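In: predicted model follows, preceded by the sequence.
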Amino acid sequence: MVSIPEELRYLFWDTDFESLNHQKHKRYIIERILELGDEKAYRWMFKTYKSEEIIEAVKKSRNISRKTALMMCNFYDIPKEEVACLKTSFPIKH
């Protein structure tokens, strides 16, 4: 089993770090790294997870910022309409 490096503990200050499982909690871990991670965290994420797993997390997440979602859309060429956090979740009044 792949363990999350100790130097990434700061990203999970509100979580029981020892109980994090890199596969079971992969979307949560990817979201945190995308939002708060530094270069070292990103390198670990890209080494640990397949591109398809990161893309799936980006598409399904409602916990990443618009800015992060757009960055990942550009990086992986993900259509913006496929990303949950970029969809309008309320009716627009005219």
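Out: Yep, it's here.

In: quick one: low-confidence residue ranges for this protein.
Out: 1, 89-94 (pLDDT under 70).

In: can you show me the strands along it?
Out: In the chain, no strands are defined using DSSP state E.

In: closest to the centroid, which residue in it?
Out: Glu31 (2.4 Å; Cα atoms, centre = their mean).

In: so who does it touch?
Out: Neighbour list for Glu31: 57, 61, 63-64 [criterion: Cβ atoms under 8 Å, 6 or more residues apart in numbering]. C-beta: built from backbone N, CA, C; applies to glycine.

In: run a quick neighbour tally on Leu34.
Out: Taking other Cβ atoms under 10 Å as the neighbour definition, Leu34 ends up with a count of 22.

In: which non-adjacent residue is nearest Leu8?
Out: Ala41 (5.4 Å; Cβ to Cβ, 6 or more residues apart in numbering).

In: the one you found contacts Leu11, correct?
Out: Yes: at 6.4 Å, Ala41 counts as touching Leu11 under the criterion of Cβ atoms under 8 Å.
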